[in-house]
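Student: mind looking at a prediction? Sequence and model below.
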Amino acid sequence: MYYRRTLTEAQINQQLLGTVLTTPLWWIVLFSILGIVVAGTVGVVGWMFNQGLGVTGLRQPVFWGFFITNFIFWVGISHAGVMISAILRLSQAEWRRPMVRAAETMTVFALMASLTMPLVHAGRPWRIFYWVFPYDWARGIWPDVRSPLVWDPIAITTYLTSSILFVYTALIPDLAIIRDRSTGWRKSVYGVLALGWHGNPRQWKIQGFAGILLSALILPVFVSVHSIVSWDFSVSLVPSWHVTIFAPYFVIGAVLSGVSAVVTLMIVMRKLYKLENFIWEEHIDALARLLIVVAMAWMFLFWLDLVFALWLKEEQEITVWNLRMFEPPWSWLFFIFFMFSYVIPVSLWMFRSVRRSFTWMLWTSLLVNVGMFLERFLIIVPALMRKGPQTFTYATYRPSPVEFIIIFGTIALVCFLLLVFSKFFPLIPLWEEKEGQLLMDEVKVGNVYVPAMVKEH
Amino acid sequence: MATQTKPQSATDRSEAFKWSMVIDLDRCTGCEACVVACQSENNVPINEESAFIEGRAIQWIRVERYWEGEWPDIKARFIPVLCQHCENAPCEPVCPVYATYHNTEGLNVQVYNRCVGTRYCGNNCPYHARSFNYWEPVWPEDLRNQLNPDVTVRSRGVMEKCSMCVQRIRRSTRSKTPNDVPDGSFDPACVQACPTSAMTFGNLNNPDSKVSKLQDDERKYHVFEHLGTAPTVMYLKQVDTHGA
């Protein structure tokens, strides 16, 4: 298992640029299917804009429902990027190499999907620029900086910008390779994008430095983005939202769902793009071990959140938690959430054979994200249903088909964008792989040779 | 040259007026005259039964009925709930576009033109005083002419709530000093319609007004005082004199 066939640089180029230089049939089929789903969703959103938010299941006092859940969900998924590429790069985890670009790209597209949600959810989306951009200079009305809804776009656009820069800096050497292998107008486009890369030592030095610098600069974003998103809730007066633990709880939860999404993505990529030579059992194993740690930290914060609610013995907090945990159908959702995002996957990941099985890891990582969507849903909706002690304001919420379609539409959108990206750019960085191979050596331990990383000669 | 009244600065008006309401629950019979009056004064859309079932009825004031005690010693209680015009309003800081803010006369006002419909204010209001326009409001043909020309008809996608009939306040106090506005010279629609005079409206900055005098009433309380929202609307508790 430890003995890998070393690939020559030409083989790496050929295998990783497969979909970029040629278009396989499955790509066209998948592109059409996802394209139709995305176009259909855009149509549904347009219809909803035309009719009004009455077509959703929202009602008083449950003013936020599936759309905000989905917003939080996608911001959570986007945490994979910074976790994999910045933290693992700075901590020099060698096994990150094949997944950095896919994770960062997924981050960019997940953030784009999340940014559509506040727009879709607003009552008058055509007026939303009031909120995001202070364009109305003449009137002197600026967005209210006290509102968490102003912090959100700032946090997310910061993350989006830095993620795009991150993806782009890492792409430059690969763009040059594609430039050298394409002809006609493609050559000129890739030529412009490659910024005159020739691979001389000075360029490599700058590129490497930029990567480290961006990793370091992106670290605060790692803490800030989901903290700020969680403040949408903690700043409010709603029972069980108004808690101080939300920021770390949301950040760790985001890392859990994000890294799980990376596992899903790596396994799907490996199958579709035939990347067996690059994505190994060891990579998925390393991700699964990381996931165990993250999931346990997240579970600790989850219990802390619950304990904080019960410790106060505040009647309304207990009412909300009681609804979440013991009143069907919410208790069913709670059970599914708890089993899917923690109990089932973490207990399975304890086994090495599961961690090294692509099938098992695919399904467990998907379970985690189903569970994490439910977690956000259970945070948002039951709290609004039992907002105050006046029982006459109790209400319930059932998402309408329109909301379901839009949720699935965003999933299709992210897959679609990733698919399109993979047509133009390699999903695994060529230069990272080559660098990894250069650094890899076999060290004799006892009677066997084991692979090791040689950083200093 | 025509005489021009000196425009009143913000501080002038904040010293002059602070609008408040006191609701005596001992007098409230739950007749809902206030609800009807508010609806016709403020162009509140007509709520059909389905709107209540869907939980999308738009009401600026509503009379909530609740039960006190255990059967057979049980009593039906009524409480009219409207926007409490909190001095420390939870709805205000969460709005990204200043669609809801505190004006200089102690009112929590809603600017429909600014509202983009994030509905965060609605989530954050513990009194459930805010309603969202899920659909474009429609009035029957023969009721179009009863719309109040002083009040904006809200479009779909915006939040709305009690304004304490700000149009009446504007009409009655425009370019006037507090001395020119005697207590009780005008009232919001709900106060005017209340047959038992359970509701009292007035200027808290005027020490002789009825609302100022009711401040010392021992039955006075604010709803959800523990939340620290400091409502301007006050309630007088219902007290059973002959053993409850």
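Tutor: Ah, there it is. Everything quoted here is computed from the prediction, not taken from an experiment.

Student: tell me where chain B has helices.
Tutor: Secondary structure of chain B, counting by DSSP state H: helices at B:10-16, B:33-41, B:49-54, B:120-124, B:166-173, B:189-193, B:210-214.

Student: figure out which of those helices is closest to residue A:262.
Tutor: helix B:120-124 (31.8 Å; CB to CB). Any C-beta I mention is one placed from the backbone N, CA and C, and that applies to glycine too.

Student: is that closest one up against chain A anywhere?
Tutor: Yes. Against chain A, helix B:120-124 shows contacts by CB under 8 Å from any CB of the partner chain at B:120, B:122-124.

Student: starting at the chain centroid, how far to that helix?
Tutor: Relative to the mean C-alpha coordinate of its chain, helix B:120-124 is positioned 17 Å out (CA atoms, centre = their mean, to the nearest Å).

Student: also stretch A:24-31?
Tutor: 24 Å.

Student: pipe the residues of helix B:120-124 next to chain A into CSV and attach neighbour count and distance to residue A:301 per row.
Tutor: Listed next are these as CSV, based on neighbours: other CB atoms under 10 Å in any protein chain shown; distance: CB to CB, whole Å:
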residue, neighbour count, distance to residue A:301
B:120, 25, 25
B:122, 24, 29
B:123, 26, 23
B:124, 23, 24
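
Student: now render those as JSON lines, adding distance to residue A:319 and pLDDT.
Tutor: Output for the residues of helix B:120-124 next to chain A, formatted as JSON lines (distance: CB to CB, whole Å; pLDDT from 0 to 100):
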{"residue": "B:120", "distance to residue A:319": "22", "pLDDT": "93"}
{"residue": "B:122", "distance to residue A:319": "20", "pLDDT": "92"}
{"residue": "B:123", "distance to residue A:319": "17", "pLDDT": "92"}
{"residue": "B:124", "distance to residue A:319": "18", "pLDDT": "92"}
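
Student: residue B:223: which of those residues is nearest?
Tutor: Lowest distance from residue B:223 to the residues of helix B:120-124 next to chain A (CB to CB) belongs to residue B:124, with 15.3 Å.

Student: would you agree that closest one is in contact with residue A:237?
Tutor: Yes. Using CB atoms under 8 Å, residue B:124 is in contact with residue A:237, at 5.4 Å.

Student: so what sits against both of those two?
Tutor: residue B:90 (CB atoms under 8 Å, 6 or more residues apart in numbering or on different chains).

Student: nearest residue to whichever residue of chain B sits closest to chain A in space, please, no chain neighbours.
Tutor: Nearest residue of chain B to chain A (CB to the nearest CB) works out as residue B:117 at 1.8 Å. In space, and not counting its chain neighbours, residue B:117 is closest to residue A:123: 1.8 Å by CB to CB, 6 or more residues apart in numbering or on different chains.

Student: these two touch, right, that neighbour and residue B:133?
Tutor: Yes. If you go by CB under 8 Å, residue A:123 and residue B:133 touch, sitting 7.1 Å apart.

Student: shared neighbours, these two?
Tutor: By CB under 8 Å, 6+ apart, the residues touching both residue A:123 and residue B:133 are B:156-159.

Student: closest to residue A:411 among those?
Tutor: Closest approach to residue A:411 among the shared contacts of residue A:123 and residue B:133 (CB to CB): residue B:157, at 26.2 Å.

Student: run a quick neighbour tally on that closest one.
Tutor: 24 (other CB atoms under 10 Å in any protein chain shown).

Student: got the phi and psi for it?
Tutor: For residue B:157, the backbone dihedrals (degrees, to the nearest 10) come out as phi 90, psi 0.

Student: wait, doesn't it sit right on residue A:123?
Tutor: Yes. Judged on CB under 8 Å, residue B:157 makes contact with residue A:123 at a distance of 3.0 Å.

Student: if anything else comes up later, I'll come back, but that's it for now.
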